[in-house]
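1. what's the 3D shape of this:
(chains A and B)
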Number of protein chains: 2
Amino acid sequence: MKVKVDGEERDVLAVWRERGVVKMVDQRKLPHSFEIIDLNDHKETAWAIKVMVTRGAGSIGCAAGFGMAQAALEAADLPDEEFMAYLNEAADTLRDTRPTAANLFKAVDKCLKASEWGKVSVKVEGILREAEYILKDDIKATEAIAKAGAKLIKDGFKILTHCNAGALAYIGMGTALAPIRQAHREGMDVFVWVNETRPRGQGARITAWELEQEGIPYALIADNAAGYFMQRGEVDMVIVGADRIAANGDTANKIGTYEKAVGAFENKIPFWVAAPGMTIDLQTKTGGDIEIEERDPREVTEMWGLNEEGEPTTIRVAAEGTNARNPAFDVTPAKFINGFITEHGLVERPFIEAFYWLFGQPGLPPSFKYAGT
Amino acid sequence: MKVKVDGEERDVLAVWRERGVVKMVDQRKLPHSFEIIDLNDHKETAWAIKVMVTRGAGSIGCAAGFGMAQAALEAADLPDEEFMAYLNEAADTLRDTRPTAANLFKAVDKCLKASEWGKVSVKVEGILREAEYILKDDIKATEAIAKAGAKLIKDGFKILTHCNAGALAYIGMGTALAPIRQAHREGMDVFVWVNETRPRGQGARITAWELEQEGIPYALIADNAAGYFMQRGEVDMVIVGADRIAANGDTANKIGTYEKAVGAFENKIPFWVAAPGMTIDLQTKTGGDIEIEERDPREVTEMWGLNEEGEPTTIRVAAEGTNARNPAFDVTPAKFINGFITEHGLVERPFIEAFYWLFGQPGLPPSFKYAGT
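-> Below you'll find the predicted structure:
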């Protein structure tokens, strides 16, 4: 993505690898400072995923792939058995960071699969290549999503989005923001309602910043205000990203997505999920099977930003010792979703059959019957 | 209300009057500091309402009544005609602070009505008495609401509330929090989900603090998480306050209330509005007639709290120059509301008929037909 940093245009990715070092845009510091952080081994990369130096299903997946590549390089001199043991331990470390995003687990599995044959040097090579493929496939997928989704957008549309599903969350053009970017580039007049997305404020800090950079008109709103604008007919469409999509279409995404979906349904506003096959998990039958991460309650009682002197500061909003709960995701049942914008085009009902057709492995039939969504 | 300030117990009201001075708990500074602010004339009182030194339908109404009392005292030495001109100008100044809360306009009208006969000294006396009545009626109303509403609560209930409708918002026992307080005092096991209520964080800053003070178990959550807990069956009931209730039951309340109501409806969770007759405005036919205040967008892009050194600081969360919108209220259509908890008991459908029966002026029949809610 192109970003303007101190007036200078730079072309960077949310996550990339240079030999044994994984590099990431430190998304915790956006929009107030644009910093690249170095993660020197797979354990540091796992830490960076956990504390959300990088976030978003795609970026987490790429980071996990590069973490596996780091592990492979770290163990490259070991004999095969020890190499595999090291790799499997690294896989567990990386899996153990954030439980919800499908991409993370798929990326780790793909790298493990790439180590299934050959001698150690071949395995290392295979893993490095696989990690690069994950990134490249992501970029291509977001470009296809952009084109497929732009067909849903009409000139003058006001589109609501939640959290950040842009180029920092899903490398390339992003997911939810990809069709919006595409429509804007095609000359359409589009406007974006940006939910601030408490507790971590990815909408306020990242989505608003991405749209500003690209000159796409938007307004930031409190999450509470989304329903108000829906009710007044000022939202033509909702597009969100996803962290994991179950086989039946139930979708885990940033906390609050469910409320917006229910509001859109009530107000007869089309609600679309933009996500590539990497985020669709056919092993997860329904949303009830998705593990929801619960994060530090201080994310709710505190907030981070710049103080009046322009220095980064964390403030405590609630009183000392306030009890809080902080689920990071929720599950939107498939019934509230009009369809999915994928790299293979728009997926409409019945979701499960379309998902198996488009994203199932050949020869792997649906393991359970389609029971409606 | 009883509050513990620096370990000492104090009994204070959100708003009161001492001769020509109106005193208020400065709610902008809670929970980090407990300060009483003096407003020395009716213009200062109007300012305090506008910038939300005090807030909440009841407290705004009381403040407006006391502002009228100040104006009456300020003009007490003028001849009748000039006194009335001064009073009417003060009424406009006070009305011009916040457009949504019904109590504000009713309180001003009540004080003007109290000045309809007698010489100036009698009028002044009448207005001072009326302003005190507004406060005393509010307190009594909240006690009746507490008792009526507690009957809806069962032992073990988890109740969701939005914004702050406690004793700082509605003097006495509050509105939405009154039944919860009552149930807790009766020994019931109750638990409260507190929405933080962005942008101004009244839930995080005031409701959580009020519940903590009274030892009622609660958890603060991001507004986005309310739907998540509803979906998982962890919300037995929703109780909110109101800023203005139209004749048909449509209810204006803090932005986000509508989303919670739609979520409750979807999950078959009872949704009750606690508010006395002062908040019911039979002159407003439906929610579409309620003016919604739009406030400074910096409330969305910024947030206030204590920094790591414990000093009060405002931080900017979004980038400089971020475009934002900030409607302060929304309207929940009556169809999502199970009923109203009022000083005359529980009001169920048809709302309009019950409202006229309980709160209409005698001899003033409904001016339009009941068309269902």
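
2. gap between A:E130 and chain B?
-> Distance, A:E130 to chain B, by CB to the nearest CB, to the nearest Å: 35 Å. To be clear about C-beta, it is placed using only N, CA and C from the backbone, and glycine gets the same treatment.

3. does that residue lie in a helix or a strand, and which?
-> Using DSSP states H and E, A:E130 falls within helix A:120-150.

4. buried sites along that helix?
-> The neighbour-count check on helix A:120-150 (16 or more other CB atoms under 10 Å in any protein chain shown) flags A:120, A:123-124, A:126-128, A:130-132, A:134-135, A:137-139, A:141-142, A:144-150 as buried.

5. stretch A:93-105 now?
-> A:93-95, A:97-105.

6. and the contacts of that stretch?
-> A:42-43, A:45-47, A:49-50, A:57-58, A:60-62, A:64, A:67-68, A:108, A:243-245, A:252, A:278-281, A:284, A:290-293, A:328-329 (CB atoms under 8 Å, 6 or more residues apart in numbering or on different chains).

7. let's see that with 7 Å instead.
-> Contacting residues not belonging to stretch A:93-105 are listed as A:42-43, A:46, A:49-50, A:57-58, A:60-61, A:64, A:67-68, A:108, A:243-244, A:252, A:278-279, A:281, A:290-293, A:328-329 [CB atoms under 7 Å, 6 or more residues apart in numbering or on different chains].

8. picking up where we left off before, as TSV, the buried residues of stretch A:93-105 with pLDDT and secondary structure would be great.
-> Listed next are the buried residues of stretch A:93-105 as TSV, based on pLDDT from 0 to 100; DSSP: H, G, I helix; E, B strand; the rest coil:
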residue	pLDDT	secondary structure
A:T93	98	helix
A:L94	98	helix
A:R95	98	helix
A:T97	97	coil
A:R98	96	coil
A:P99	94	coil
A:T100	94	coil
A:A101	91	coil
A:A102	95	helix
A:N103	96	helix
A:L104	97	helix
A:F105	97	helix
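
9. just the contacts of stretch A:93-105: which are in helices?
-> A:42-43, A:46, A:49-50, A:57-58, A:60-61, A:64, A:67-68, A:108 (DSSP state H).

10. return the closest of these with respect to chain B.
-> A:A57 (17.8 Å; CB to the nearest CB).

11. for chain B, see how far away A:D6 is.
-> Distance of A:D6 to chain B, given as CB to the nearest CB: 13 Å.

12. pull the number of nearby residues for that residue.
-> 6 (other CB atoms under 10 Å in any protein chain shown).

13. distance of the residue in the stretch 1-150 of chain A that chain B sits nearest to from B:A354?
-> Here the stretch 1-150 of chain A gets closest to chain B at one residue, A:P31, 3.8 Å apart by CB to the nearest CB. A:P31 sits at a distance of 51 Å from B:A354 (criterion: CB to CB, to the nearest Å).

14. what about A:E293, how many residues close to it?
-> So A:E293, with other CB under 10 Å, has 16 neighbours.

15. please name the nearest non-neighbouring residue to it.
-> Take A:E293 and drop its neighbours on the chain: the residue closest to it by CB to CB, 6 or more residues apart in numbering or on different chains is A:A328, 4.5 Å away.

16. contacts only, for A:Y258.
-> Applying CB under 7 Å, 6+ apart, one finds that A:Y258 lies in contact with A:330-332, B:227-228, B:231.

17. these, buried ones only, as a ChimeraX selection?
-> Selection of buried members from the contacts of A:Y258 for ChimeraX, criterion 16+ other CB under 10 Å:
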select /A:330,331,332 /B:227,228,231
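
18. out of the contacts of A:Y258, which sit inside helices?
-> Short answer: the contacts of A:Y258 in helices (DSSP H) are B:227-228, B:231.

19. ok so, going back, and A:P31 and B:A354? Which one has more around it.
-> Under the criterion of other CB under 10 Å, the comparison of A:P31 against B:A354 puts A:P31 first, with 23 against 20.

20. what pLDDT does the more buried one get?
-> On the pLDDT scale, A:P31 is placed at 94.

21. before we move on, what about A:S367?
-> 45.

22. how about the one 3 residues further on?
-> According to the model's per-residue confidence, A:Y370 sits at a pLDDT of 39.

23. can you map out the helices along the stretch 251-373 of chain A?
-> Counting by DSSP state H, counting those that start in this stretch, the stretch 251-373 of chain A has helices at residues A:257-266, A:298-301, A:351-359.

24. buried ones in the second one?
-> Right, helix A:298-301. In helix A:298-301, counting by 16+ other CB under 10 Å, buried: A:299-301.

25. same check, this time on stretch A:21-34
-> The neighbour-count check on stretch A:21-34 (16+ other CB under 10 Å) flags A:21-25, A:27-28, A:30-32, A:34 as buried.

26. now do stretch A:8-16
-> A:12-16.

27. dump the residue contacts of the residue nearest to A:A275 when sequence neighbours are not counted.
-> What sits nearest to A:A275 in space, not counting adjacent residues and going by CB to CB, 6+ apart, is A:A242, at 4.1 Å. Shown in contact with A:A242 (CB under 7 Å, 6+ apart): A:57, A:251-253, A:273, A:275, A:279.

28. rerun that using 6 Å as the cut-off
-> A:A242 makes contacts with A:251, A:253, A:273, A:275, A:279, as judged by CB atoms under 6 Å, 6 or more residues apart in numbering or on different chains.

29. from the residues you listed, which is closest to A:N164?
-> The closest of the contacts of A:A242 to A:N164 turns out to be A:N253 (CB to CB; 11.2 Å).
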